[in-house]
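A.B. asks: The sequence and its predicted three-dimensional model are supplied below.
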There are 2 protein chains.
Amino acid sequence: MRYELYYWPGIQGRGEYVRLALEEAGADYVDVARSERGMGAMMRMMAAKGGTRPFAPPFLKAGKLVIGQTANILFYLGSRHGLAPKSEAAKLWVHQLQLTITDFVLEIHDTHHPLGPTLYYEDQRSEAKKRTREFWKQRVPKYLGYFERLIEENGGAHVSGRKLTYVDLSLFQIVEGLRYAFPRHMKAFERRIPSLLELHDRVARRANIKAYLSSDRRIPFNEDGIFRYYRELDQ
Amino acid sequence: MRYELYYWPGIQGRGEYVRLALEEAGADYVDVARSERGMGAMMRMMAAKGGTRPFAPPFLKAGKLVIGQTANILFYLGSRHGLAPKSEAAKLWVHQLQLTITDFVLEIHDTHHPLGPTLYYEDQRSEAKKRTREFWKQRVPKYLGYFERLIEENGGAHVSGRKLTYVDLSLFQIVEGLRYAFPRHMKAFERRIPSLLELHDRVARRANIKAYLSSDRRIPFNEDGIFRYYRELDQ
């Protein structure tokens, strides 16, 4: 079965957590909105009457299923491609971790959009500065400190269990993104998360991930995505 | 088995979505942090080394399992208490809807905390006004419009399928909360969501929910929770 991934074509955004899982799994998929007439197809699915119409991208078409919400898609893919543990308890645990990452991703987005997703960054620059200050003072230490301790307690190789899960892939992306968006802040912070950085490096070395990152399937970071570099927010 | 729910004792907050599900199911549970020494027990579980330590409340202890993240808890409870459909496809769909509600709940929270959860409301009042304006102009119509159409297309009684699910219970809470926090805004908006209001009323009439709402297990809304009434935000 060929999966169809639907996501905004110009950014990594929330779709990237799904792409990383599909790529690591070596799954057959097409990134629909990046193909010709793909955006039209995506918009039609979101406007379709009846059925499981998603609220927003990303969503994944898997045969007849249409699955929305990043963490939900990963929950589905994880079981099918060996990227999640098998027992119910462990499945719920890695899903819980992914939902915590989801919360963090929204807080990352809100550093540049504290007044909400409907206004331009340019209309909320001073608010963005204030929110970013709190973000680095309080929220990054809380979230990344949490994952750092989990990795440490789990022996250092993965965040949970003895095998790679989609949560490890997502944590790789978090480190990549924070390095892109906040190079100065992140540089100063990295000494506090040695285990997370090691996990990041280990993921980056995986054959399928390595091949993906150097392909044109990986969209470069840019200032339309979740992780944006604004020099004024990185002082 | 007696469930143990762990959540901040003074507010409805995110714990309320879990409480509503437990109450509707007639499940045996204790709201731990509301009992003597309960807060201490909750803090100890969050600080515990190893195992499935949650990032934040609410979390549910079910035998040996400790499950965090509201939507994840509901996913678990839904299957066990007839509050979710049985097929995998339908299970993923209602979970997806719950995750969309989760996103909305965070946007509701951010109307009074646009600069993040670490500052007081008093330190972000003017930003809160701006964010609230966008919230009612753009975000409420988008989110509630989405659920309104789903309920309509599904025949009017439930958001999905032919039986009550935990998503219906959560939508009841969303309507209750918006009426409390933004009585003027909500009053003007309600004519646009007749199906959602009918669903709300139908949930409110259910025997277990009715009994719960009039009991002292239901914490009144207040200005420490997600839904807060600030007159200046409801002009």
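C.D. replies: Arrived safely, thanks for sending.
A.B. asks: Please make it C-alpha for all contacts and neighbour counts, starting now.
C.D. replies: Will do.
A.B. asks: Now look at the longest helix anywhere in chain A and say if it contacts chain B.
C.D. replies: As assigned by DSSP state H, the longest helix anywhere in chain A is helix A:88-112. Yes - against chain B, helix A:88-112 shows contacts by CA under 8 Å from any CA of the partner chain at A:Ala89, A:Leu92, A:Trp93, A:His95, A:Gln96, A:Leu99, A:Thr100.
A.B. asks: what residues are up against A:Leu97?
C.D. replies: A:Val167 (CA atoms under 8 Å, 6 or more residues apart in numbering or on different chains).
A.B. asks: Quick check, pLDDT for it.
C.D. replies: Note on A:Leu97: pLDDT of 98.
A.B. asks: And it, how far from A:Ala71?
C.D. replies: 10 Å (CA to CA, to the nearest Å).
A.B. asks: Buried members of the residues of helix A:88-112 next to chain B into ChimeraX, please.
C.D. replies: Those of the residues of helix A:88-112 next to chain B that count as buried under 16 or more other CA atoms under 10 Å in any protein chain shown are selected in ChimeraX with:
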select /A:92,93,95,96,99,100
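A.B. asks: Can you tell me which residue is spatially central in chain A?
C.D. replies: Residue closest to the mean C-alpha point of chain A, counted by CA atoms, centre = their mean, is A:Tyr17 at 3.8 Å.
A.B. asks: Touching, that residue and A:Gln69? I think so.
C.D. replies: No - contact criterion CA atoms under 8 Å: A:Tyr17 and A:Gln69 do not qualify, at 10.9 Å.
A.B. asks: Which residues of chain A lie near chain B?
C.D. replies: A:49-50, A:52, A:55, A:65, A:67-69, A:72, A:89, A:92-93, A:95-96, A:99-100, A:114-116, A:118, A:127-128, A:130-131, A:134-135, A:138, A:146, A:150, A:153-154.
A.B. asks: Any of the residues you listed buried? List them.
C.D. replies: Using 16+ other CA under 10 Å, the buried ones in the residues of chain A next to chain B are A:52, A:55, A:67-69, A:72, A:92-93, A:95-96, A:99-100, A:114-116, A:127-128, A:130-131, A:134-135, A:150, A:153-154.
A.B. asks: In helices only, show me those.
C.D. replies: A:72, A:92-93, A:95-96, A:99-100, A:127-128, A:130-131, A:134, A:150, A:153.
A.B. asks: So what does A:Leu22 have for phi and psi?
C.D. replies: Dihedral pair for A:Leu22: phi -60, psi -40, per degrees, to the nearest 10.
A.B. asks: Tally up the residues packed near it, please.
C.D. replies: 23 (other CA atoms under 10 Å in any protein chain shown).
A.B. asks: which residues touch it?
C.D. replies: A:Asp28, A:Tyr29, A:Leu77.
A.B. asks: Which parts of the one helix or strand in chain A whose mean pLDDT sits lowest count as buried, going by neighbours?
C.D. replies: In chain A, no helix or strand scores lower on mean pLDDT, DSSP states H and E than helix A:38-47, which sits at a mean of 94. Within helix A:38-47, the residues scored as buried using 16+ other CA under 10 Å are A:Gly38, A:Met39, A:Met42.
A.B. asks: Pull the CA coordinates from that helix and hand them back as CSV.
C.D. replies: Taking C-alpha atoms only, helix A:38-47 is exported to CSV below (Å, rounded to 0.1, in the frame of the first residue of the first chain):
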residue,chain,number,x,y,z
GLY,A,38,-1.6,18.2,-5.0
MET,A,39,-2.7,21.3,-3.1
GLY,A,40,-6.1,21.2,-4.8
ALA,A,41,-6.5,17.6,-3.8
MET,A,42,-5.6,18.4,-0.2
MET,A,43,-8.1,21.3,0.0
ARG,A,44,-10.9,19.2,-1.4
MET,A,45,-10.4,16.5,1.2
MET,A,46,-10.6,19.1,4.0
ALA,A,47,-13.9,20.5,2.5
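A.B. asks: Mind giving me the packing neighbours of that helix?
C.D. replies: Judged by 3 or more CA pairs under 8 Å, 6 or more residues apart in numbering or on different chains; DSSP states H and E, helix A:38-47 has no packing partners among the helices and strands.
A.B. asks: Now with 10 Å, please.
C.D. replies: strand A:3-6, strand A:59-62 (3 or more CA pairs under 10 Å, 6 or more residues apart in numbering or on different chains; DSSP states H and E).
A.B. asks: Turn those strands into JSON lines, columns for mean neighbour count.
C.D. replies: Output for these, formatted as JSON lines (neighbours: other CA atoms under 10 Å in any protein chain shown):
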{"stretch": "strand A:3-6", "mean neighbour count": "21"}
{"stretch": "strand A:59-62", "mean neighbour count": "22"}
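A.B. asks: so which of these gets nearest A:Arg217?
C.D. replies: strand A:3-6 (12.5 Å; CA to CA).
A.B. asks: May I have the closest one as CSV, with CA atoms only?
C.D. replies: C-alpha atoms of strand A:3-6 as CSV (Å, rounded to 0.1, in the frame of the first residue of the first chain):
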residue,chain,number,x,y,z
TYR,A,3,0.5,6.0,1.8
GLU,A,4,-0.6,9.5,0.9
LEU,A,5,0.7,12.2,3.2
TYR,A,6,-1.1,15.6,3.0
